[in-house]
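**Student:** okay, predicted coordinates and the sequence, questions at the end:
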Number of protein chains: 4
Amino acid sequence: MTATALREQRSAYYRQLQTRGLSPLWEALHNLVPKEPRPQAVAAIWKYAEIRDLVMEAGSLISAEEAVRRVLVLENPGLPGKSSITSTLYAGLQLILPGELAPSHRHTQSALRFIVEGRGAWTAVNGERTTMHPGDFIITPSWTWHDHGNPTIEEGGEPVVWLDGLDIPLIGHLDAGFAETYPEVTQPVLRPEGDSFARFGHNMAPVRHRVTDGTSPVFSYPYERSREALDVLYRNGELDEWDGVKLRYINPATGGWPMPTIATFMQFLPAGFAGKTYRSTDATVYCAVEGAGIARIGAEQFRFDAHDVFVVPSWQPVSLSANSDCVLFSYSDRPVLSALNLLREART
Amino acid sequence: MTATALREQRSAYYRQLQTRGLSPLWEALHNLVPKEPRPQAVAAIWKYAEIRDLVMEAGSLISAEEAVRRVLVLENPGLPGKSSITSTLYAGLQLILPGELAPSHRHTQSALRFIVEGRGAWTAVNGERTTMHPGDFIITPSWTWHDHGNPTIEEGGEPVVWLDGLDIPLIGHLDAGFAETYPEVTQPVLRPEGDSFARFGHNMAPVRHRVTDGTSPVFSYPYERSREALDVLYRNGELDEWDGVKLRYINPATGGWPMPTIATFMQFLPAGFAGKTYRSTDATVYCAVEGAGIARIGAEQFRFDAHDVFVVPSWQPVSLSANSDCVLFSYSDRPVLSALNLLREART
Amino acid sequence: MTATALREQRSAYYRQLQTRGLSPLWEALHNLVPKEPRPQAVAAIWKYAEIRDLVMEAGSLISAEEAVRRVLVLENPGLPGKSSITSTLYAGLQLILPGELAPSHRHTQSALRFIVEGRGAWTAVNGERTTMHPGDFIITPSWTWHDHGNPTIEEGGEPVVWLDGLDIPLIGHLDAGFAETYPEVTQPVLRPEGDSFARFGHNMAPVRHRVTDGTSPVFSYPYERSREALDVLYRNGELDEWDGVKLRYINPATGGWPMPTIATFMQFLPAGFAGKTYRSTDATVYCAVEGAGIARIGAEQFRFDAHDVFVVPSWQPVSLSANSDCVLFSYSDRPVLSALNLLREART
Amino acid sequence: MTATALREQRSAYYRQLQTRGLSPLWEALHNLVPKEPRPQAVAAIWKYAEIRDLVMEAGSLISAEEAVRRVLVLENPGLPGKSSITSTLYAGLQLILPGELAPSHRHTQSALRFIVEGRGAWTAVNGERTTMHPGDFIITPSWTWHDHGNPTIEEGGEPVVWLDGLDIPLIGHLDAGFAETYPEVTQPVLRPEGDSFARFGHNMAPVRHRVTDGTSPVFSYPYERSREALDVLYRNGELDEWDGVKLRYINPATGGWPMPTIATFMQFLPAGFAGKTYRSTDATVYCAVEGAGIARIGAEQFRFDAHDVFVVPSWQPVSLSANSDCVLFSYSDRPVLSALNLLREART
C-alpha cells in the first residue's frame, strides 16, 4: 500500500473510531507521555508597587461582604481564564478594610494566608480568632469554618492585605470540591486567642489529643518566631548553597506539612548571596517579605522587592540572588507530589 | 451610584486588572468553589461487541512496534480531545498480535493491564515476564521498564486484548511526567516467571526486603486466585447490600494499594442482586468480566455484558444490579483522594 | 584520708542510703550499663528423639482439660525456674490427644503454634477453626479467644504435638498480663474454615477492612505454601551466604509482622550449605522441620535433626550448616527490638 | 489410681522432666498468665527533704569523675538489689558540683534529666551544650555521646541536682545494652547553644531534615515554656477531672514521644483539685515541681511536696489531689506499651 493510501485508510478508520468514543493512542502518545514536564504555566512576577493601587481600589468598588472574599487573583499568563497561578495552585491578594467582615464559610479547598501589609485584622478557625501581623503565616484547613474581620478605624483598624494561597485548581482536577455557607456572618468564638498555640506551640501536646487527619492543630505561625529562627541559624553558620537558610513550616502533631496539599517555607538569603540552580517537580509561589534580589527562572530574570510575588512552574531551573538581606516566603504543591511518589529534584 | 454606573466602573476596572495579570475573584468564586463536585466527565459505556472489530482492525493498520503501543483510547464524551476517561484516569484497549513486540520504555505514569481476551502474551517488568490470561490484573509501576510481547502463531500465540488503565491525566495536571525509551526493543530477562510471586504471594516476604516506595513488588494478580477468593466468600455468606462481595487488590509489602495513584477492585454480584445506591469522590472505571447486569449512574442506566467498560465520574450516584452471576473489575483514583484527605463516600 | 578510712566511710554511708530506699549508682554502673549484651539465657538444644516419650507420657498423667494446656516447657538452663527459653520468649511442646479439648481462654500474651507431628487437630480463633498439618504456622493473637481440639479416634484423630511460642516473659517484665476464661469449653464457630484465608490470602483484602491493630487477620500459614515458596526461590538461584533462602511471615494487612511482639521465619539450607556467622540483638528459637545440620552458637556446636528445638540468645554469634536439605522454622522478639530502635545486626 | 499415687507418679515424672530441661506448664500457668498485672514494684515516695542531705554528702565522698555518674538510685522497695524504680524504669538523683565534669560516654539506654535544683550546669549531646534550669526537661537519646559539666564557683557555678530517668531495666530484660566511653573527658562543642531549638522549636524544621529514628532532634524543653503553656490552658478553662491540665512532651519531627521508650508529661493541678481515679498499664514516676498535694495509690496515700519523687506501678489505681497549685512532671514506659499494643487504661 502507498503511504497516501495508508494515510487515507487510517483517516477513515479514525473517523469511525470517533463515532464509538474511541481515539488512536499512537497519534497522541508523545503529548500524553512527554520526555519531561511541559507545564502550561509560565514564570511570572507581580510587582507589588504596580498593583497595590488596584488592590486598594477594589475596596471602593465592592464590599467584603458582597464579594464574600475581596480578592484579586494572580492569574498565570500561561493559564488564561483559569484563575490559577500554577496547574494546581491559586494565589490572590485579599483586602479587608477597617470595620469589615468576610462572611464565614467552609470548603474542601485548603487555604493559607500570608500577611503582606497592615495589622490587627483577624481570621477565625474552629472557634478561635488569630490576629494578623505582617509576615505571619495562617492556615484555614480543608472543611473548617472560617471568617475574617477587621476592627473599625475607631478601634484602631487599618487596611490589611494578605496573600491567599489555595489548592483550588487541584481540587478542581480531582472533582473533589464541596462548599457550605455558615448560617451567620461569623462563627461563634469558643476559645481565647492563643489557645491552640498554648496546646501545640511549645513542643508539647495535650495528653489525649488524637491525630485524625493531616492538618495542623496550630493555625498561626507568627513571623516574629520564624524570623528569629532564621536569624539564629544564619548566625550559627548555616548556609546552603542553593537555599540559603531555609525552614519548612510543620504540623507539630505529625512533623508533616501543615496541610495535606500545600507545603510552606521561609528562607533567608544574606546580602550578596548568589544561589546555585535547582529544579523540582513541585511548582512554587514566592512572596518576598524583606529585601531585594533576583530570581532567574529558566531563561528569564526577575528582580524582586518586598511584597512582590513570583512563580516557578514545575521543573523550571531556578536560582535566587540577594542584593540585600532577603526573607522569602513560599508555598508549593510538594505534599501532593511526595504522597504520590512523584517528587523529583535536581541540584546543579 | 446607579447600578449601571457601578457596572461600568467595575468593567473598566476589570480591564485594567487584566493588563496586570489580575482578575476579580468575586466574579468567579462560585465556579471555583462549587457546592459539590461538578465533573466534566460523564457516565458512559463502551460495549465490547460494538468495538471489538475496530480493535482488531487496528492490527492491520499499524504494527505494535510502529505504534509503540497499539491502543484505542476510550475517551469520555465530556472530555473531548483529552484522551481521558475521567478527569484523572485514562483507559484504552490494547491489541498485541502473535509474534509482535511492544518496545520497552518507562514513564512516571503508573499503568495497569486487565486482560480481556486471548492468552499467552506477556508483560515484562523489572526483568521478569508474566504470562497473561483473561481476568488477570498486572501492574507496570511508575518508572519501571516494561515491554509486551506475544509468541508467534507457531508457538501458539493468539491475538490478545487488554484494558490499559493509567493516571495520564493526573500526571499531566501535576506536570510530573517523565519518559524514556529503552535502548533495545526488549529488556533482558533476569528472573524466571513466578519469582516475585514466590517472594510475596504466600503471606511471606524475603527477610531483607526493604519497602522503598508505595508500589507492589508483585506484578501479577492471577484471575484464578481472585475468582476463587470471591467464590469462597460468597459461599461463606458474605454479601454487602451495596457492593456484593468486593475485594481490593493490595500491595503485600504494605497492605496498601498496588500503586500510589490507582486503586483496583474485583467484585462478585450474584444473579438477582439489586445493589443500593452509593457515591464517592473517586471516579471509577469498571470492566465486566463475567455475566450481565445493569449500572444505574445518576439519571442514566447502562446494560453491561462481559468485556464492556463503563465509567462513573466523581460523586455520581451509582447502583449495580446483576441479571446473571457477575464479576466486575474496577479501578479508580481513590489512593489520591485518600492521601490528600479528600475521599468522601455516601451510602443510601 | 587513707583508702581504708574512705572505704569504711563509704560503707557507713551506703548503709544509711539503704534505710532511705537509695543505693549508690557508681557501685553498680558497670553491671547496669554493660559494654555489650550479657544474656543470662544460654545456647541450648532439645533433641526431639530424647523428649518425645516424655511428651507422650504427659498424655497419661493429666488430661488436656485438667491441664488447661498440656505443655512441657522448654526451660533455658540459664534461666532456671523462669519458664523461659529466652529473656522475653517462652517455648513449650503441647500434646493434644484424639477426642480432647483444650478449653477456651484469652490473654494479652501473643501465641504461635508450629505443628511438629500429627494432623487433624484444630485451633479456633475469632470463631474460625483451622486444621493443623505438620509445618503449619498458626497464630492466636493477643486477647483473642482461642481453644484447641482433636477429633476422636473414630473420626480419624491422632496425637498431635506442636511447639508453642509465646511472649510470656516479656509481658511479665512489662506487667501487662491480663487473662480471662471463656464461659464454655469452646467458643462458637462463626465462620467456615478458610474464611480469613479467602479474605487475605490472595494479595487482596475486603474493601472495607480497617487496620486497627498490628495483628494479622490471617491465622494460618500452611506449610504447603511456605515450602513451595522456598523451593521456587532456591531453584531460581536465591541463596544468601548467611541465611540460605529465608522468608519472614507477614501480616498481609500491613506488610509487618504477624503479631506485634514475635517475628517468625522459615528458611531453606541446601545439603552442603555452610553458612557464615552473624549475630543480632533479637534472641531466636529454631525448630528444625526437615533435614539435619549443625548450629554453631558462640563456642558451642549443636547437631540438629528434624523436630529438634534450639535457641540462640541475644548477640551470640551463630552459623548454620546443612548435612542434608534442611528447612528451619524460627521465631524471635525482633518486632520488639525494632519498634524500640534497639535492633543491631552484624554479619561477618 | 489414688490421689496420692497420682501425685507421686507426677513427682517422679517432674524430676525426669528436669533432667531434660523441661517443666510442666500446668503447675505454673496461673503465675505465668495472671488475671491482671501483679507488679513486683510497689507504690513508694522519696521525700526530698529527707534525702537531700545524703545527696549532698555524696559530693564529698566521691568525685563526679571517679563515679562517672554520681547518682543515688531510687530503688523500689519491691525490687531490692535491682536498681529499678519500676520493672522497666530507673530513677536516680544526680549531683554535679561547681567545676566538675561527668565524662562523656554513650549507651543504648535512653536517658532523661529533669532539673530539681541549682542552675548553670550543662549537658552536651551531639556537640551542643544545654544549660540547665530547675524544671527543664532534657534528653540524651540512645547511643548519643553525652557529658555533663558545671562552671567553677568563680564562674558562678552552684551545686546542681537533677532526676535521671532511664530505661535500664527494660534494656536489661531485652539483652540490648551496649556502651562506649568517649576517648576524652568531654566531646567537642560543634554548635552554639540553642541551635537545635532554633531548628525545631518554632513549629518549623530544616527543609532537608530527614527523620531516621524515633528520637527528638530537640534536646531541651525549658520549664519557662512548659509552665506558660499550662498556665494559658488553665486560664482558658481546660481542666480534666482526672488529669487537671496535662501535656505530653513531643518530638516535633514526628509528633511522637521524645524517645522511643520513655514518655514524659507535665501537668498542673489547681489548689483544691481532687482528681478522679484511673489506672493504666504503663508504670509512672512522678516528680513534684511546685506545690503540695496527695497521691492515693492503691490502698496507700502519699503526701508530696516540691521535689519529692513517687512511683505508681502498672495498673495501680491512682488519684491526685492538690493542696496548693501543683506542677508535676512524670515519665513512664507508655511508648513501649503502645508500640506493642499492650496499653490499657481505665478511668472511673
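**Tutor:** In hand now; what should we look at?

**Student:** mind listing what A:Gly92 touches?
**Tutor:** A:Gly92 is in contact with A:Arg69, A:Val71, A:Leu72, A:Val73, A:Leu74, A:Leu163, A:Asp164, A:Leu166, B:Leu25, counting by Cβ atoms under 8 Å, 6 or more residues apart in numbering or on different chains. Just so you know, the C-beta spots here come from the backbone N, C-alpha and C atoms, and that holds for glycine as well.

**Student:** beta partners for the fourth one?
**Tutor:** Using DSSP bridges, the bridge partners assigned to A:Val73 are A:Gly92, B:Ser23.

**Student:** that one: neighbour count?
**Tutor:** Summarising burial for A:Val73: neighbours were counted as other Cβ atoms under 10 Å in any protein chain shown, giving 26.

**Student:** and it, what pLDDT?
**Tutor:** Reading off the confidence values, A:Val73 has pLDDT 98.

**Student:** my guess is A:Ser104 contacts A:His146, does it?
**Tutor:** Yes: A:Ser104 is within contact range of A:His146, at 6.6 Å (criterion: Cβ atoms under 8 Å).

**Student:** more neighbours: those two, which one.
**Tutor:** The neighbour comparison of A:Ser104 against A:His146 (other Cβ under 10 Å) goes to A:His146, with 23 against 20.

**Student:** next up, the contacts around that one.
**Tutor:** Counted by Cβ under 8 Å, 6+ apart, A:His146 has contacts A:Ser104, A:His105, A:Arg106, A:Ala111, A:Thr123, A:Ala124, A:Val125, A:Thr140, A:Gln187.

**Student:** A:Val285 versus that one, what's the distance?
**Tutor:** In this structure, A:His146 and A:Val285 are 20 Å apart, going by Cβ to Cβ, to the nearest Å.

**Student:** could you do A:Arg7 as well?
**Tutor:** Using Cβ to Cβ, A:Arg7 is found at 46 Å from A:Val285.

**Student:** A:Thr131 too?
**Tutor:** For A:Thr131, the distance to A:Val285 equals 24 Å [Cβ to Cβ].

**Student:** what does A:Ser84 give?
**Tutor:** The separation that A:Ser84 has from A:Val285, given Cβ to Cβ, amounts to 11 Å.

**Student:** cool, A:Glu180 as well?
**Tutor:** Taking Cβ to Cβ as the criterion, A:Glu180 is separated from A:Val285 by 27 Å.

**Student:** just A:His30 next, same as before
**Tutor:** Distance of A:His30 to A:Val285, given as Cβ to Cβ: 30 Å.

**Student:** cool, A:Thr88 as well?
**Tutor:** In this structure, A:Thr88 and A:Val285 are 11 Å apart, going by Cβ to Cβ.

**Student:** where does the stretch 51-200 of chain A come near chain D, residue by residue?
**Tutor:** Counting by Cβ under 8 Å from any Cβ of the partner chain, the residues of the stretch 51-200 of chain A lying close to chain D are A:Arg191, A:Pro192, A:Gly194, A:Asp195, A:Ala198, A:Arg199, A:Phe200.

**Student:** which one of the contacts of A:His146 is nearest D:Gln267?
**Tutor:** Minimum distance to D:Gln267 across those is 27.1 Å, recorded for A:Val125 (Cβ to Cβ).

**Student:** dihedrals phi and psi, that closest one?
**Tutor:** Note on A:Val125: backbone dihedrals following degrees, to the nearest 10 are phi -140, psi 130.

**Student:** returning to that earlier point: looking at A:Thr131 and A:Val285 now, which is surrounded by more residues?
**Tutor:** Here A:Thr131 and A:Val285 are compared on neighbour count by other Cβ under 10 Å; more neighbours surround A:Val285, at 25 against 17.

**Student:** just to check, the more buried one is in contact with A:Ser332?
**Tutor:** Yes: with contact defined as Cβ under 8 Å, A:Val285 reaches A:Ser332; the gap is 7.1 Å.

**Student:** which residues are common contacts for the two?
**Tutor:** Once Cβ under 8 Å, 6+ apart is applied, the residues that A:Val285 and A:Ser332 both contact turn out to be A:Leu89.

**Student:** least confident secondary structure element in chain A?
**Tutor:** Each helix and strand of chain A was given a mean pLDDT (mean pLDDT, DSSP states H and E); the minimum falls on helix A:64-67 at a mean of 88.

**Student:** is any residue of it near chain B?
**Tutor:** Yes: for helix A:64-67 and chain B, the contact criterion (Cβ under 8 Å from any Cβ) is met by A:Glu66, A:Ala67.

**Student:** what does stretch A:183-197 give?
**Tutor:** No: residues of stretch A:183-197 are not located near chain B by Cβ under 8 Å from any Cβ, the shortest gap being 15.1 Å.

**Student:** determine how far the last residue of that stretch lies from the first.
**Tutor:** The first residue of stretch A:183-197 is 28 Å away from its last residue (Cα to Cα, to the nearest Å).

**Student:** at which residues are the helices of chain A located?
**Tutor:** Chain-ordered helices for chain A, with DSSP state H as the definition, fall at A:3-19, A:29-32, A:48-61, A:64-67, A:168-173, A:195-200, A:223-235, A:334-339.

**Student:** how about the second one: buried residues?
**Tutor:** In terms of neighbour count (16 or more other Cβ atoms under 10 Å in any protein chain shown), helix A:29-32 has its buried residues at A:Leu29, A:Leu32.

**Student:** list of residues touching it?
**Tutor:** With contacts defined as Cβ under 8 Å, 6+ apart, helix A:29-32 is touched by A:Leu25, B:Val68, B:Arg69, B:Ser83, B:Tyr90, B:Ile168, B:Gly172.

**Student:** at 7 Å instead, please
**Tutor:** By Cβ atoms under 7 Å, 6 or more residues apart in numbering or on different chains, the list of residues contacting helix A:29-32 from outside reads B:Val68, B:Arg69, B:Ser83, B:Ile168.

**Student:** which of those residues has the largest number of neighbours?
**Tutor:** Ranked by the number of neighbours (other Cβ under 10 Å), those place B:Ile168 first, at 29 neighbours.

**Student:** that residue and B:Ser226: what is the separation?
**Tutor:** If you go by Cβ to Cβ, the gap between B:Ile168 and B:Ser226 works out to 25 Å.

**Student:** what of A:Gln267?
**Tutor:** 50 Å.

**Student:** go on, A:Phe304?
**Tutor:** If you measure A:Phe304 against B:Ser226 using Cβ to Cβ, the figure is 56 Å.

**Student:** got a list of what A:Val71 touches?
**Tutor:** A:Gly92, A:Leu93, A:Gln94, A:Asp164, B:Leu25.

**Student:** again, but for A:Ser83
**Tutor:** Applying Cβ under 7 Å, 6+ apart, one finds that A:Ser83 lies in contact with A:Val73, A:Glu75, A:Tyr90, A:Ile168, B:Ser23, B:Ala28, B:Leu32.

**Student:** wait, the fifth one sits on B:Leu17?
**Tutor:** Okay, so that is B:Ser23. Yes: in this structure, B:Ser23 sits in contact with B:Leu17. The criterion is Cβ atoms under 7 Å, and the distance is 6.0 Å.

**Student:** quick check: bridge partners of the residue positioned nearest the centre of chain A?
**Tutor:** Nearest to the centroid of the C-alpha atoms of chain A, with distances taken as Cα atoms, centre = their mean, sits A:Gly165, at 3.4 Å. Here A:Gly165 shows beta-bridge partners A:Ala91, A:Leu112, assigned using DSSP bridges.

**Student:** next, give me the two most distant ones among the contacts of A:His146.
**Tutor:** Greatest spatial distance among these (Cβ to Cβ): A:Ala111 and A:Gln187, at 15.3 Å.

**Student:** which of the contacts of A:Val71 are buried? Put it as a ChimeraX command.
**Tutor:** Remark: buried members of the contacts of A:Val71, expressed as a ChimeraX selection using 16+ other Cβ under 10 Å:
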select /A:92,93,94,164 /B:25
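
**Student:** okay if I get the contacts of A:Val71 as JSON lines plus pLDDT and distance to D:Thr281?
**Tutor:** As requested, the contacts of A:Val71 are exported to JSON lines (pLDDT from 0 to 100; distance: Cβ to Cβ, whole Å):
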{"residue": "A:Gly92", "pLDDT": "98", "distance to D:Thr281": "52"}
{"residue": "A:Leu93", "pLDDT": "98", "distance to D:Thr281": "54"}
{"residue": "A:Gln94", "pLDDT": "97", "distance to D:Thr281": "51"}
{"residue": "A:Asp164", "pLDDT": "98", "distance to D:Thr281": "48"}
{"residue": "B:Leu25", "pLDDT": "96", "distance to D:Thr281": "54"}
